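> predicted structure and sequence below. I'll ask about it afterward.
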Amino acid sequence: MINLVYTGMKLLSPRKIAALLVVVVIISSVLVGGVRSNAQDHPNIDSQAAKLLQDMSDFLGSKYEYTFKADVMFDEVVNSKRKLQYSAAETVYIKKPNQLAIEYVSDLGGYKLWYDGNQATILEVPGNLFSLATLEGSVNSILTKLEDKYDFIPALSEFLFINTKKVLTENVTSGTYFGGSKVFGKRCQHLAFEEQNIDWQIWIEDGKRPIPRKLVITYKNKPGSPQFIAIMKDWIFEKPITNYAFKADIPNLNKRTEFEEIAGNPKYKIGSVRRDR
């Protein structure tokens with residue numbers, strides 16, 4: 001092949017050879033420029049922050065099933081002046097491609113959500129309402145459908161997508177790396193991001209498991225700039241999750257209602273970077 005190219009080049013005049021080389025250089029510049037443009041999809045995120053976020057995204061995206069818990073604190077602004085802090089706890093189970101269970105219970109109420117591959121069930125806690133929605137698809141598509149159809153975005157659900165980085169940074173205007181830090185004894189890397197309506201920070205564990213350990217969301221455009229703070233813990237990747245975890249458990253005395261009556265409750269519209277995109 002090389003000999004054929006060389007022979008063909010000998011048949012061209014020096015002027016044609018020079019012109020051909022110019023064309024090759026132009027095409028190469030366009031291709032390389034295109035690759036660089038794709039690689040720098042968020043030019044206002046510094047390279048260290050982008051790499052750490054990508055490492056976390058790649059790690060979570062590569063796992064078939066996992067579970068984690070979170071201890072949560074969040075603010076509620078009263079009369080646009082007083083800011084009260086409440087607590088919540090969350091437990092998450094995910095088995096790809098299409099099984100999911102989330103329990104989120106706070107001082108102000110909460111919910112349990114199950115998805116078994118065919119149907120989403122939501123239960124209000126400690127109320128007596130539940131609802132069903134026939135949905136099909138992967139965890140990615142179900143989370144998107146819950147948002148589009150019911151305006152329901154479970155807390156911390158960005159960490160259940162295949163491409164966590166893409167979901168987290170969709171509306172980011174800038175991102176910065178702030179160095180090492182510890183979260184309850186775990187050595188982490190501290191990143192901070194800005195968006196139009198929120199600022200958020202994330203702490204990602206060092207080492208072979210770049211998992212999120214802490215998330216802080218500041219709703220800067222709301223009165224009092226309330227915050228949502230989650231300490232993420234008890235990550236388990238190695239232990240198989242039984243299908244029983246994704247089966248809805250509805251008490252006999254509970255009443256059925258419309259899905260959006262529970263999912264649309266304003267109390268549950270916190271705890272996700274996706275909420276304000």
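Alright, I've got the coordinates. Numbering: from 1, shown residues only.
> from what I can see K222 touches K83, true?
No: using Cβ atoms under 8 Å, K222 and K83 do not qualify as a contacting pair, with a distance of 10.5 Å. Yep, even glycine has a C-beta here, placed from its N, CA and C like the rest.
> what do these two both touch?
When contacts are counted by Cβ atoms under 8 Å, 6 or more residues apart in numbering, the set common to K222 and K83 consists of V77.
> mind checking how far D234 is from E170?
In this structure, D234 and E170 are 28 Å apart, going by Cβ to Cβ, to the nearest Å.
> so for these two, which residue has more residues nearby?
Neighbour count, other Cβ atoms under 10 Å: between D234 and E170, E170 has more, with 13 against 9.
> so what does the more buried one look like in phi/psi?
Backbone torsions for E170, taken as degrees, to the nearest 10, come to phi -60, psi -40.
> mind checking how far it is from R274?
Note on E170: its distance to R274, by Cβ to Cβ, is 8 Å.
> so which residue is dead centre in this structure?
With distances taken as Cα atoms, centre = their mean, the chain has E158 as the residue nearest its mean C-alpha position (2.1 Å).
> show me what contacts that residue?
Contacts of E158 (Cβ under 8 Å, 6+ apart): T164, V167, L168, S272, V273, R274.
> doesn't it fall inside a helix?
Yes: in this structure, E158 lies within a helix as judged by DSSP: H, G, I helix; E, B strand; the rest coil.
> pLDDT value on it, please?
For E158, the pLDDT comes out at 97.
> can you map out the helices along the stretch 51-200 of the chain?
Secondary structure of the stretch 51-200 of the chain (DSSP state H, counting those that start in this stretch): helices located at 139-150, 164-168.
> so which of these gets nearest G61?
helix 164-168 (6.8 Å; Cβ to Cβ).
> name the helices or strands packed onto that closest one?
Based on contacts counted as 3 or more Cβ pairs under 8 Å, 6 or more residues apart in numbering; DSSP states H and E, the elements that helix 164-168 packs against are helix 47-61.
> in the helix it packs on, what's buried?
Neighbour counts over helix 47-61 (16 or more other Cβ atoms under 10 Å) mark A49, A50, L52, L53, Q54, M56, S57, F59, L60 as buried.
> ok, the nearest residue to E65 once chain neighbours are set aside - contacts?
Sequence neighbours aside, K95 is the residue nearest to E65 in space, at 4.2 Å (criterion: Cβ to Cβ, 6 or more residues apart in numbering). Counting by Cβ under 8 Å, 6+ apart, K95 makes contact with Y64, E65, I241, N243, F246.
> do you know how far the third one is from Y66?
Computed with Cβ to Cβ, the distance linking I241 and Y66 is 8 Å.
> so which of the two has more stuff around it?
Y66 (20 against 17).
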